[in-house]
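**Q** Pasted the sequence and its predicted model underneath.
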Amino acid sequence: MKHNAMKALYVFVFAFIFLSRPGSALAQHEPAASIPAADLIQPADLAANLKNASAPKPLILQVGFRKLYAQAHIPDSEYVGAAGEDAGLKLLSNRVAKLAKDTAIVIYCGCCPWSHCPNIAAAYDALHAMGFTQVKVLYIADNFGDDWVKLGYPVVTGG
Amino acid sequence: MILVFFLTTSALSIASAPLFAGDGTLRMAPDFTRTDLKGKSLSLRNYRGKLVLLNFWATWCGPCLTEIPRFAAWQNTYGAAGLQVVGVSMDDDSAPVVRAYEKYHLNYPVAMGDAKLGELFGGVLGLPVSYLIDPDGRVVARYQGEPDLKQLEARIKSLLPRP
C-alpha cells in the first residue's frame, strides 16, 4: 500500500514538472541561474573531494548528453540521461527512486555555457521535487572540457 | 588503478590536441567520412580547395541555434568564393536534427557525430565548437563557445580561396 502511494506521488510530481515546463521547442529550457548559489559546488572543491580518499563520496550523476559523457566524464559518475528531455528526467527519477532523501548527490552537465545549459536546472528541480535535501550542482561556467578536463581534474572515457 | 590512469591520460591528451604540430606548422584536419542527413557520403577530404567551416552543434544547444542561420547565410554569400560549411550534430538521435535542418533552412551538409569523431578533433566537450580549415586541409582556427560572429565572418572573408 505504502509502495503504491509513493509511486502515485512520484507520478504526480513528474507530471507536474512536465506540465509546468515550457513547450518542447528546440533549445527551450529552464535557466541554470535559477539554482541557488548555496547549492553550487565549484570544480576545484569536487576535485579535492575526489582526491581525498577518506572524504565521503557523493553520488555523482551526469545529466547531459551521452556523446559528451562517452568522451570524458568524472570517475565513478553515472550517466542518467539528458534532464532537459522528458526521457532523461524519467531515467533520473528511476535512478534515485530508492535512495534515502538525505543522500549526497552531485549533478553536472557541462554541455554548453552555464546560462544556456538545458539540463542542469531541470535535474535540480526534479530532485528537489522528490524531496532530496543534499543536492549539489557542479558549476561549469563554459563547458566540461575547459572547466574540468583542461584544469587537470580526473576524467575517464567510455560509457 | 592502471586502467584508470591510462584512461585519464588518454582523455587529457585528447582534450588538449593543439592546432600546431610539433614543428610549429598548422595541424592537418583529421579526415572523416559519414553519411549526411540526406543520405549522401560526406568526406572532409573532398572539400580540399575550399575553406571549410566545420561546426559541431546540437539542437539542445541555444548558442548553436543562434549560429546556424548565420552559417547558412554565409554559405549563400561566400559559397561561390570557396566557403563550405559542414555541420556535425552531437545530438544522440537524428530526428530532432532533421527537424532543425528544415526549420532553419540549412543549405550545407550535416552529419551525425559521435564520441569517436569528437575525440578525433581533440574532444568536443562542450558546444558549440567550430574549426576553420584552409583549402590545403590545415586547421587555422578553433572557436569554442559563442564566437563573435562579426569577427568570424571577417576571418572567413580573409581566407576565402576566391575572394
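**A** Perfect, I can see it now. This one's a predicted model, so the numbers in the text were calculated from it and none came from an experiment.

**Q** so is A:Ala122 in a helix, a strand, or just coil?
**A** Secondary structure for A:Ala122, judged by DSSP: H, G, I helix; E, B strand; the rest coil, is helix.

**Q** can you tell me the helix or strand for the closest residue in space to it that isn't next to it in sequence?
**A** Take A:Ala122 and drop its neighbours on the chain: the residue closest to it by C-beta to C-beta, 6 or more residues apart in numbering or on different chains is A:Ala83, 4.4 Å away. Just so you know, the C-beta spots here come from the backbone N, C-alpha and C atoms, and that holds for glycine as well. Using DSSP states H and E, A:Ala83 sits within no helix or strand.

**Q** check contacts around A:Ala83.
**A** Contacts of A:Ala83 were listed using C-beta atoms under 8 Å, 6 or more residues apart in numbering or on different chains, and they are A:Val63, A:Leu89, A:Leu92, A:Ile107, A:Cys109, A:Asn119, A:Ile120, A:Ala122, A:Ala123, A:Ala126.

**Q** Let's see which of those end up in strands.
**A** Residues from these lying in strands, with DSSP state E as the criterion: A:Ile107.

**Q** any idea which of the contacts of A:Ala83 is closest to chain B?
**A** A:Asn119 (7.9 Å; C-beta to the nearest C-beta).

**Q** Show the contacting residues for that closest one.
**A** By C-beta under 8 Å, 6+ apart, the contact set of A:Asn119 is A:His29, A:Val63, A:Gly64, A:Ala82, A:Ala83, A:Gly84, A:Gly88, A:Cys109, A:Cys111, B:Trp60.

**Q** Spit out the contact partners of the third one.
**A** When you say that, I think you mean A:Gly64. A:Gly64 sits next to A:Ala82, A:Tyr108, A:Cys109, A:Gly110, A:Cys111, A:Asn119, A:Phe144 when contact means C-beta under 8 Å, 6+ apart.

**Q** Let me know the pLDDT of A:Ile17.
**A** Note on A:Ile17: pLDDT of 46.

**Q** Give me the nearest residue to the residue of chain A found nearest chain B, chain neighbours excluded.
**A** Proximity of chain A to chain B (C-beta to the nearest C-beta) peaks at A:Asn143, 2.0 Å away. Ranked by C-beta to C-beta, 6+ apart and with sequence neighbours excluded, the top spatial neighbour of A:Asn143 is B:Gly126, at 2.0 Å.

**Q** give me the number of residues near the one you found?
**A** Residues near B:Gly126, counting by other C-beta atoms under 10 Å in any protein chain shown, number 26.

**Q** List the contacts of it.
**A** A:Leu68, A:Gly110, A:Cys111, A:Cys112, A:Pro113, A:Asp142, A:Asn143, A:Phe144, A:Gly145, A:Asp146, B:Gln144, B:Gly145.

**Q** quick one: the residue nearest the centre of chain B from A:Val155, how far?
**A** For chain B, B:Leu54 is the residue whose C-alpha lies nearest the centre (C-alpha atoms, centre = their mean; 2.5 Å). Separation of B:Leu54 from A:Val155 (C-beta to C-beta, to the nearest Å) stands at 24 Å.

**Q** so where do the helices sit in the chain?
**A** Just so you know, I chose chain A. With DSSP state H as the criterion, chain A has helices at A:2-20, A:43-51, A:66-71, A:86-96, A:120-129, A:144.

**Q** could you do chain B instead?
**A** B:2-15, B:62-78, B:95-103, B:115-120, B:149-159.
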